[in-house]
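In: Make a model of this:
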Amino acid sequence: MKIDLHTHTNYGSACAYMDPDDLVRRARTIGLDGICITEHDHVWDIRAIERLRDKHDFLVIGGVEVSTDCGHVLVFGLHQPVRDIYYLDDLKIAANEAGAVMIMAHPFRYEPELVADFSRAGNGTALIDSLCEREVFRLLDAMEIRNGRAGFRETDLAALVASRMNLKETGGSDAHAILEVGACFSVFAANIRNEQDLIAQIKRGSYCGVDPRWRDGIDST
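Out: Next up, the predicted model:
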């Protein structure tokens, strides 16, 4: 199944331009099998997600993108307000209590100098070693490697860190507007029917992230 794990709408993200209905219609049109709505620090009501799913007869799963002291984290399975959660350790406690999963979103987006250093050094072992010491990477269930707004070198760096940390790679468009939907997505080997299935498969690891723009296409995942 092809599911875009990272999207935003004008319902819960001030920086997004998409109506939720338009998002779902676009996802269906471009051949996705499901969509995850992950607003910035805003958790959708479960019933609202169910109404959207039933209205379009299409898989819609609610999540949230939490702004933490260690970066942005996609969380699935957490149904409580998150605006007062800032420290990653606190988010991990809440996720564990709820049986939720945590995926690091665009790990190095806000460190352009680091990406530039990586580009100049090539696949520098010392740099990768230092990044793998970051505690954040020990608290995750997966890492978003294929992101619709990430450049190739940023993606290369994230992929190397994920590989060293034995973290599975996900893909998501990070769409804020209609034409961005599905720019990247995740492919799951198993059938995903609901949030519980998604969480189970993320924990199981039978999926990969896909970026159709990538040099080597889907085989690069």
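In: going forward, measure contacts and count neighbours with C-alpha atoms only.
Out: Fine.
In: By residue count, what's the longest helix in this structure?
Out: As assigned by DSSP state H, the longest helix anywhere in the chain is helix 152-164.
In: any idea which helix or strand comes after the top strand by length along the chain?
Out: Counting by DSSP state E, the longest strand found in the chain is strand 59-68. Counting by DSSP states H and E, the element after strand 59-68 in chain order, helix or strand, is strand 71-76.
In: which secondary element of the chain has the worst mean pLDDT?
Out: Ranked by mean pLDDT, DSSP states H and E, the helix or strand of the chain with the weakest confidence is helix 112-121, at a mean of 89.
In: can you list the residues that contact that helix?
Out: 108, 124, 127, 153-154, 157 (CA atoms under 8 Å, 6 or more residues apart in numbering).
In: Equivalent analysis for stretch 50-69, please.
Out: With CA under 8 Å, 6+ apart as the criterion, stretch 50-69 contacts 20-21, 24-25, 28, 33-44, 46, 49, 72-78, 82-83, 85-88, 105, 193-195.
In: Show me what the longest helix of the chain is packed against.
Out: Under the contact definition 3 or more CA pairs under 8 Å, 6 or more residues apart in numbering; DSSP states H and E, helix 152-164 sits against helix 112-121, helix 125-131, strand 142-147, strand 168-172.
In: Go ahead and produce PDB holding the CA coordinates of it.
Out: The C-alpha trace of helix 152-164 is given here as PDB (Å, rounded to 0.1, in the frame of the first residue of the first chain):
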ATOM      1  CA  PHE A 152      19.300  15.100  -2.200                       C
ATOM      2  CA  ARG A 153      22.300  15.700   0.100                       C
ATOM      3  CA  GLU A 154      20.000  16.200   3.100                       C
ATOM      4  CA  THR A 155      18.400  12.900   2.200                       C
ATOM      5  CA  ASP A 156      21.800  11.200   1.800                       C
ATOM      6  CA  LEU A 157      22.900  12.400   5.200                       C
ATOM      7  CA  ALA A 158      19.700  11.200   6.900                       C
ATOM      8  CA  ALA A 159      19.800   7.900   5.100                       C
ATOM      9  CA  LEU A 160      23.300   7.200   6.300                       C
ATOM     10  CA  VAL A 161      22.500   8.100   9.900                       C
ATOM     11  CA  ALA A 162      19.300   5.900   9.800                       C
ATOM     12  CA  SER A 163      21.300   3.000   8.500                       C
ATOM     13  CA  ARG A 164      23.900   3.300  11.200                       C
END
